[in-house]
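How does the following fold in three dimensions:
(chains A, B, C and D)
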There are 4 protein chains.
Amino acid sequence: MSQSSSNPKRDIVLISTGGTIEKTYDELAGVLSNQVSVLDVMLGSLRLDGVALRRLVLMNKDSLEMTAEDHELIATVALREAETCDGIIIVHGTDRLAETGHCIHGAEPSPAVPIVLTGAMKPYVMRTSDAMQNLTEAMLAVQLAAPGVYVAMHNKLLPFPGVRKDRDGGTFVRT
Amino acid sequence: MSQSSSNPKRDIVLISTGGTIEKTYDELAGVLSNQVSVLDVMLGSLRLDGVALRRLVLMNKDSLEMTAEDHELIATVALREAETCDGIIIVHGTDRLAETGHCIHGAEPSPAVPIVLTGAMKPYVMRTSDAMQNLTEAMLAVQLAAPGVYVAMHNKLLPFPGVRKDRDGGTFVRT
Amino acid sequence: MSQSSSNPKRDIVLISTGGTIEKTYDELAGVLSNQVSVLDVMLGSLRLDGVALRRLVLMNKDSLEMTAEDHELIATVALREAETCDGIIIVHGTDRLAETGHCIHGAEPSPAVPIVLTGAMKPYVMRTSDAMQNLTEAMLAVQLAAPGVYVAMHNKLLPFPGVRKDRDGGTFVRT
Amino acid sequence: MSQSSSNPKRDIVLISTGGTIEKTYDELAGVLSNQVSVLDVMLGSLRLDGVALRRLVLMNKDSLEMTAEDHELIATVALREAETCDGIIIVHGTDRLAETGHCIHGAEPSPAVPIVLTGAMKPYVMRTSDAMQNLTEAMLAVQLAAPGVYVAMHNKLLPFPGVRKDRDGGTFVRT
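Next comes the predicted model:
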């Protein structure tokens, strides 16, 4: 058996919606201009041998500004893509991440593939950001988890429904 | 139900054996002296909400220098600890990581919990090291995988037996 | 002649007053607690073979909130210390840095030693901060410059009077 | 008076010759391919408002492998360029840096402009490298120093002749 067939990559769709993880700082704009987004830099620093990524840039919003229509749009796109790939990752602001997770789960309690939301409490541009950890976790969780809707963050994978942001702890927990 | 009971941490044992991931550079010694190992620095930069770690420092060897007795010692300790925890992570040099993996699997094809080996192609002290990615993956995989023996690295979780280092690609693949 | 006498260190007083360079981020607080300030981390990452540092922590203010009394206090302390050391470095917010520089120069146009102000446009905690560059420059300039009052930043050393912040360029220029 | 005339940039020639500062690691090759050298990355991360740089890539040698001809070639090129610019920076391996410095000083004890050698004890690709500090210092020293030949490193600017590498201390000192 050839190596490529014995080590196939999963087809993963990464939907980005904005949020803290991608936030920059005024002066950084110049540095990261010429079409290189923060998420590109992050992905470029990982060795992603397990997945073949397809990128969708759906919106670029602080999740506090997301409307009901935004949540539904993300759910619709994620569930549509779920029909034709092996897994979905959604990069999302943490403030309304749980709303989007519940919206997807409400629309389809049994999606065909794992749909993993992630984000960060501190932007990637901070030296001590949790962004790389969370993205790394989402990238592995989407390969290991059973079909369903999840948030991957801070060394945990939590299934929807029943997940909320713990604002004091700065993380997600089971309700 | 209280939050602590609904968000329990898994008891994970992290066995370190040395290898590239922990390699430093002569001049770094001074900087990271006073009892702070490279692995401590790495663990300190992650948010590990899913696991309660217990650390064992079994040896500190370049895996090229490991003997048959070393592989067996690691296997014995890992399988002994596996009786009383929820998962094992073994930080290991990549050159002989597969030997240790097969040694564990040979001694016990059905361990009680997931036993996840990991390491790095480039030491943590390099700016572009894969060490944080691999440790992050191992820390999540040990919670998600079924009982068994694995290597977590480069966005993949591969089960033993049947894993080898691909020296040209600088990673692990299925044989 | 002994090495220590042939390579003497200059006695430098580093006065910190706050400003962007030392700004942290809410969640960082925990990481950098236990008495380690951002400036300590920065100084600890440099090899300072040319200077013997004495630290004064005078205040911890965003310079936009500095009063006339604050500028005068900094000037008084700097000029007092200048009598008994080989040079002064003042870490300062950039918004009112020029006011403090002019205040020192107004009080004493011919100080006994170099007095070098510095700061940063982006906090050290940002990956792409200019903080390390500017601190490094101040640490060398205080050894090389003639007695006087200066700002060291962005690969330039500018003497007072006649320096202003260029808000569009995000740096200091000659007026 | 226009701002550009009141804040002129000095014309500086940066001659790179190789050495530890530019050393990479096998696996890094891919990451930093497409014509972006380590020195480009370093320069790109500094705000160089004081200098207009012209780059010469003279050789790419571990200085332990430099021959007498190499030292003379560097001296010849540096002294030729010194006739038509405001200062010279030479990035050099530390093991033979002093030889090149003495070679330049021997050929021309009174060069027209400052000629500042620098390098690093640990490659830039190490997280705790001294490369950025030393390059930052050289970039400022070349503007502040009197004409002459120097090494800028570790918070010191030392004039030739009479400089040697202190191998135990991992730095340069006066002989």
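
where along chain A do the strands fall?
Remark: strands of chain A, listed N- to C-terminal, are A:10-16, A:51-57, A:87-91, A:114-118, A:148-153, A:156-159, A:163-166, A:171-174; assignment by DSSP state E.

among the ones you listed, which is the most enclosed?
The densest packing among the strands of chain A, expressed as mean neighbour count by mean count of other Cβ atoms under 10 Å in any protein chain shown, is seen in strand A:114-118 with a mean of 29. Heads up, the C-betas are built off the backbone N, CA and C, glycines and all.

quick one: strands adjacent to that strand?
strand A:87-91 (parallel), strand A:148-153 (parallel) (DSSP bridges).

got the angle between the shortest one and strand A:51-57?
Yep, that's strand A:87-91 we're talking about. Strand A:87-91 and strand A:51-57 are oriented at 50 degrees to each other (axes from the mean of the first three to the mean of the last three Cα atoms, to 10 degrees).

Now do strand A:87-91: distance to the chain's middle.
The gap between the average C-alpha position of strand A:87-91 and the chain average comes to 5 Å, counting by Cα atoms, centre = their mean, to the nearest Å.

export it as PDB, just CAs?
Once non-C-alpha atoms are left out, strand A:87-91 reads as follows in PDB (Å, rounded to 0.1, in the frame of the first residue of the first chain):
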ATOM      1  CA  GLY A  87     -14.900  18.100   9.600                       C
ATOM      2  CA  ILE A  88     -15.500  21.800  10.200                       C
ATOM      3  CA  ILE A  89     -13.500  24.200  12.300                       C
ATOM      4  CA  ILE A  90     -15.100  27.600  13.100                       C
ATOM      5  CA  VAL A  91     -12.800  30.400  14.500                       C
END
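
mind checking which helix or strand of chain A has the lowest mean pLDDT?
Least confident helix or strand, chain A: helix A:28-31 with a mean of 39, by mean pLDDT, DSSP states H and E.

roughly how far apart are A:R127 and C:S129?
A:R127 is 8 Å from C:S129, where distance means Cβ to Cβ, to the nearest Å.

Alongside chain B, which residues does chain A contribute?
Near chain B, the residues belonging to chain A are A:3, A:6-7, A:45-51, A:128, A:130, A:132-133, A:136-137, A:139-141, A:143-145, A:152, A:154-157, A:171, A:173-175 when assessed by Cβ under 8 Å from any Cβ of the partner chain.

all helices for chain A, in order.
A:3-6, A:28-31, A:38-44, A:68-82, A:97-107, A:131-144 (DSSP state H).

Need these in CSV (columns: distance to chain C and mean neighbour count).
Compiled in CSV, those are given as follows (distance: least, Cβ to the nearest Cβ, whole Å; neighbours: other Cβ atoms under 10 Å in any protein chain shown):
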stretch, distance to chain C, mean neighbour count
helix A:3-6, 36, 10
helix A:28-31, 6, 13
helix A:38-44, 10, 15
helix A:68-82, 26, 18
helix A:97-107, 17, 22
helix A:131-144, 11, 25
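
Low-confidence ranges, chain A, go.
Low-confidence segments of chain A, defined by pLDDT under 70: A:1-7, A:24-36.

Count the residues that sit near A:R127.
By the criterion of other Cβ atoms under 10 Å in any protein chain shown, A:R127 has 18 neighbours.

That one contacts C:M126, correct?
Yes - using Cβ atoms under 8 Å, A:R127 and C:M126 qualify as a contacting pair, with a distance of 7.1 Å.

From chain C, how far out is A:L53?
A:L53 sits 23 Å away from chain C, going by Cβ to the nearest Cβ, to the nearest Å.

doesn't A:L43 make contact with that residue?
Yes - here A:L53 reaches A:L43: they are 7.2 Å apart, a contact under Cβ under 8 Å.

Not counting sequence-adjacent ones, nearest residue to A:T136?
Using Cβ to Cβ, 6 or more residues apart in numbering or on different chains and skipping residues adjacent in sequence, the residue nearest A:T136 is B:T136, 4.4 Å away.

For the one you found, give me its contacts.
Going by Cβ atoms under 8 Å, 6 or more residues apart in numbering or on different chains, B:T136 touches A:132-133, A:136-137, A:155, B:46.

Would you check which pair of those residues lies furthest apart?
Pairwise distances among the contacts of B:T136 were taken by Cβ to Cβ; the largest, 12.9 Å, belongs to A:M132 and A:N155.

Make a markdown table out of the strands paired with strand A:114-118 and add distance to C:C85.
Supplementary listing: the strands paired with strand A:114-118 in a markdown table, determined by distance: least, Cβ to Cβ, whole Å:
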| stretch | distance to C:C85 |
| --- | --- |
| strand A:87-91 | 51 |
| strand A:148-153 | 49 |
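
Hmm, A:I104 and A:E72 touching each other?
No - A:E72 sits out of contact with A:I104 when judged by Cβ under 8 Å, with a separation of 9.6 Å.

rewinding a little: from the contacts of B:T136, pick the one nearest chain D.
Ranking the contacts of B:T136 by separation from chain D, with Cβ to the nearest Cβ as the measure, puts A:M132 on top at 14.4 Å.

how much space between the nearest residue to that closest one once chain neighbours are set aside and A:T118?
Leaving aside its chain neighbours, A:M132 sits nearest to A:M42 (6.2 Å; criterion: Cβ to Cβ, 6+ apart). Computed as Cβ to Cβ, the A:M42 to A:T118 distance reads 11 Å.

Need the residues touching each of these two.
In the contact map built from Cβ under 8 Å, 6+ apart, the residues linked to both A:M42 and A:T118 are A:L135.

Not counting sequence-adjacent ones, nearest residue to A:E137?
Leaving aside its sequence neighbours, A:E137 is closest to A:A152 (4.4 Å, by Cβ to Cβ, 6+ apart).
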